[in-house]
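Trainee: with the sequence up front, the predicted model follows.
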Amino acid sequence: NAGVMQNPRHLVRRRGQEARLRCSPMKGHSHVYWYRQLPEEGLKFMVYLQKENIIDESGMPKERFSAEFPKEGPSILRIQQVVRGDSAAYFCASSPTQTYWDEQFFGPGTRLTVL
Amino acid sequence: KQEVTQIPAALSVPEGENLVLNCSFTDSAIYNLQWFRQDPGKGLTSLLLIQSSQREQTSGRLNASLDKSSGRSTLYIAASQPGDSATYLCAPRVDNTDKLIFGTGTRLQVFP
């Protein structure tokens, strides 16, 4: 059973470009979470999605960031018009059900560098 | 607002020692708490999950305890090995939310 998969593992963008980060949850998992780890900081929650629904986006920046988890395919975190401050490691996690005692399993992350 | 503190921030020990990593959190209303390890440049590996109704969980040389009312969790590592070198993160899941709140971690180095 493959774990949570993220691609690309490393992404380099110039200021003003768009970044698209993909996350495929573990098989049988329908809940996806995105977290961001800025340099020398802890991981911070960004957004929680179920298939076709955003459940909690309280950690998402108000502008330029969006996330989706379509009925088919991976979850996508999209950052428009990237700035240097977006450089970070972005981690995706998944869990199987909606129960609050579920364990979250993390992917290897996408390291975004904005030049 | 939940805040998580981990002490010590860094620890360097010879192999074979038994270790104690501490985690404290300000909001005791949690569903569960996970301990992770993170290797440099890598993702997070889940080590242990403790439900709010549990006092401790064990996996191999690892034992995690939870004192929810006092807002504390402790990770014990027995007979440490160089392969245990990593950053250890604790993350409680606050009631009525879906998010894990992470501490800044304890950076552990075990030398031969």
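Mentor: Perfect, thanks for sending it.
Trainee: write out the residues of chain B neighbouring chain A.
Mentor: B:4, B:31-32, B:34, B:36, B:41-46, B:49, B:51-52, B:89, B:91, B:93, B:95, B:97-105 (C-beta under 8 Å from any C-beta of the partner chain). C-beta coordinates here come from the backbone N, C-alpha and C atoms, glycine included.
Trainee: can you list the strands that the helix or strand hosting residue A:34 pairs with?
Mentor: Here residue A:34 sits within strand A:31-37, counting by DSSP states H and E. Applying DSSP bridges, strand A:31-37 is found paired with strand A:43-50 (antiparallel), strand A:88-95 (antiparallel).
Trainee: and the residues of chain B next to chain A, which of them are buried?
Mentor: B:4, B:31-32, B:34, B:36, B:43-44, B:49, B:52, B:89, B:91, B:93, B:97-103, B:105 (16 or more other C-beta atoms under 10 Å in any protein chain shown).
Trainee: out of the strands paired with strand A:31-37, deepest packed?
Mentor: Highest mean neighbour count of those: strand A:88-95, a mean of 24 (counted as mean count of other C-beta atoms under 10 Å in any protein chain shown).
Trainee: so which of the residues of chain B next to chain A are in helices?
Mentor: Within the residues of chain B next to chain A, no residue falls in helices by DSSP state H.
Trainee: among the residues you listed, name the ones in strands.
Mentor: Using DSSP state E, the subset of the residues of chain B next to chain A located in strands is B:4, B:31-32, B:34, B:36, B:44-46, B:49, B:51, B:89, B:91, B:93.
Trainee: low-confidence ranges, chain B, go.
Mentor: Scanning chain B for pLDDT under 70 picks out nothing.
Trainee: repeat that for 90
Mentor: Across chain B, the ranges flagged by pLDDT under 90 are B:1-2, B:28-29, B:31, B:40-43, B:52, B:94-99, B:103-104.
Trainee: which residues are contacting the strand holding residue A:34?
Mentor: By C-beta atoms under 8 Å, 6 or more residues apart in numbering or on different chains, the residues outside strand A:31-37 that reach it are A:23, A:25, A:43-50, A:67, A:69, A:75, A:77, A:88-98, A:102, A:104, A:109, B:98-100, B:102.
Trainee: next up, the contacts around residue B:21.
Mentor: Residue B:21 touches B:6, B:8, B:11, B:74, B:75, B:76, B:77, B:88, B:90, B:106, B:108, counting by C-beta under 8 Å, 6+ apart.
Trainee: how about the fourth one, nearest residue that isn't a chain neighbour?
Mentor: I take that to be residue B:74. Nearest residue to residue B:74, sequence neighbours excluded (C-beta to C-beta, 6 or more residues apart in numbering or on different chains): residue B:65, at 5.0 Å.
Trainee: ok, how many other residues are close to that neighbour?
Mentor: 15 (other C-beta atoms under 10 Å in any protein chain shown).
Trainee: next one: residue B:47
Mentor: Count around residue B:47 with other C-beta under 10 Å applied: 20.
Trainee: right, and it touches residue B:38 too?
Mentor: No: counting by C-beta atoms under 8 Å, residue B:47 does not reach residue B:38; the two are 10.5 Å apart.
Trainee: mind showing which ranges of chain A have poor pLDDT?
Mentor: A:1-2, A:27-30, A:38-42, A:51-52, A:62, A:71, A:96-103.
Trainee: how close does residue A:112 get to residue A:75?
Mentor: 16 Å (C-beta to C-beta, to the nearest Å).
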